[in-house]
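Enquirer: got a predicted structure plus its sequence, pasted below:
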Amino acid sequence: MGPRVALACAFAVLALALVACGEQQTDGAPTGSRTVTLYSSMPLYGPEREQSQDMVNAIKLALKEAGGKAGPMSITYVSLDSSTREDATWTSDRVLDNARTAVRDINAIAYIGERDSAATALSLPLTNEGNVLQVSPTSAYDGLTREGGVRTGEPQRFYPSGKRTFGRVVPADHVQASALVGYMKAEGVRRLAMLGDRDLDGGGLADQVSKAAEAQNIKVVDKGRIDATQGDLSGHSEDIAATGADAFLFAGESATGAARIFQAVAAAAPRMQLFGPAAVAGPTFIDALSPAVQARMRITTRTLPVRMLPPAARQFGERFRAAFGRAPAPDALFAYEATQAVLSSIRAAGAKGNDRAAVIREFRAIRNRRSVLGRYSIDRNGDTSLSTFAGNRLRRSRLSLDKVLQVRP
């Protein structure tokens, strides 16, 4: 268990203890107010700053297009920062403070966040006890919604109230794992060497890849979890090369040293294919690779190119650029849809759009919803039915579609 995961566990226990000791709570019953508040929690400092700001702007755009209303309810929006300038990333204290802020607000109706699964593991028990709908655009760790995570007692530990109050519009890790393994299979991989980072997202994805690979008859040599951000990686890369595997996967992200380990493995094993998950599909990672390593990379992404998505996705991009002067980061599309799904749930609740329990029920009842991401439903776990990934190569430091990866439910 990595340090951020351990901190998440410890702070989650502390947070629940504080709630039990008398923090002001609300049962989420209708207040009579026709104005409800939508909160978001994103890291607005550090390497994720630009993507997170695009996600906040996507939320603002969705609310603006709705005229600040959903059915009879007026919507107030509060953007909370889960990071600090000093830490340059989200912190446990900030995440817990954000969740408590939302729960204490009697007019709070929903909470969009977090970006990272380890952060969601902190905020979710609090929003659950407060009966506030939480929708994550990008937290994909399986244990948040279903059995199969890396820790015991999941997902029950995230729902102290005994009720499900969480959902996500991004496919869970087991879906991406199947897409990754299918991509490898199509490229002739029979033996995979793998490392993961020590964060919840990376470790969770690595476990799911092992399961998916076994189902598709690919042998996995799992070399454990590492901190690839510092130190000499030659020992790890030589271990990977010695496996004689056809391919290497690092289940991690830019912030956990993905570029460093791929560079090291590429040097130690010149013929090994290199695979990366959606978490590395950004300029920070890509620009840190040499041209030779870029030429060997294959990367999955959570969506197809905009030209292959519904027309609404292209129109969103055009409106976003007109409003904010730049093209949106890919994750902005997920934040926009998370907001649209919340607004749709408030509208569906009608006169009970200020009732947290009613809005949660409507979100969990989403079926065959048309969206910028495609048509999807929310299942009993809170997961989306979306299951299409893109397999990409890198050409001139840009993602280029190689294969459409459709995962069967």
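Expert: Structure's in. What do you need?
Enquirer: SS state for residue 167?
Expert: strand (DSSP: H, G, I helix; E, B strand; the rest coil).
Enquirer: gap between stretch 275-282 and the chain center?
Expert: Centre-to-centre, stretch 275-282 and its host chain are 12 Å apart (CA atoms, centre = their mean, to the nearest Å).
Enquirer: now it: mean pLDDT?
Expert: For stretch 275-282, mean pLDDT is 96.
Enquirer: output it as CSV, restricted to C-alpha atoms.
Expert: Extracted in CSV, the C-alpha atoms of stretch 275-282 (Å, rounded to 0.1, in the frame of the first residue of the first chain):
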residue,chain,number,x,y,z
PHE,A,275,1.8,0.1,-23.5
GLY,A,276,0.4,3.0,-21.4
PRO,A,277,-3.0,3.6,-19.8
ALA,A,278,-5.3,6.6,-20.3
ALA,A,279,-3.7,8.3,-17.3
VAL,A,280,-0.5,9.0,-19.4
ALA,A,281,-2.4,10.3,-22.4
GLY,A,282,-1.3,13.9,-22.0
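Enquirer: for residue 408, which three-state class applies?
Expert: Quick answer, by three-state DSSP: residue 408 is coil.
Enquirer: list phi and psi for the closest residue to residue 43 other than its chain neighbours.
Expert: Nearest residue to residue 43, sequence neighbours excluded (CB to CB, 6 or more residues apart in numbering): residue 83, at 3.7 Å. C-beta here means a position set from N, CA and C on the backbone, and glycine is covered the same way. In terms of degrees, to the nearest 10, the main-chain angles of residue 83 are phi -120, psi 170.
Enquirer: tell me how far residue 146 lies from residue 153.
Expert: Separation of residue 146 from residue 153 (CB to CB, to the nearest Å) stands at 13 Å.
Enquirer: counting neighbours, go ahead and name the busier of those two.
Expert: Ranked by neighbour count (other CB atoms under 10 Å), residue 146 and residue 153 place residue 146 first, with 16 against 10.
Enquirer: for the more buried one, give me the pLDDT.
Expert: Turning to residue 146, the model gives it a pLDDT of 96.
Enquirer: try residue 151
Expert: Per-residue pLDDT puts residue 151 at 84.
Enquirer: now residue 3
Expert: Looking at residue 3, the pLDDT reads 44.
Enquirer: buried stuff in the helix or strand containing residue 313?
Expert: Using DSSP states H and E, residue 313 sits within helix 311-324. Across helix 311-324, burial judged by 16 or more other CB atoms under 10 Å covers 312-313, 316-317, 319-320, 324.
Enquirer: which elements pack onto it?
Expert: helix 49-65, helix 330-349 (3 or more CB pairs under 8 Å, 6 or more residues apart in numbering; DSSP states H and E).
Enquirer: cheers, nothing more for now.
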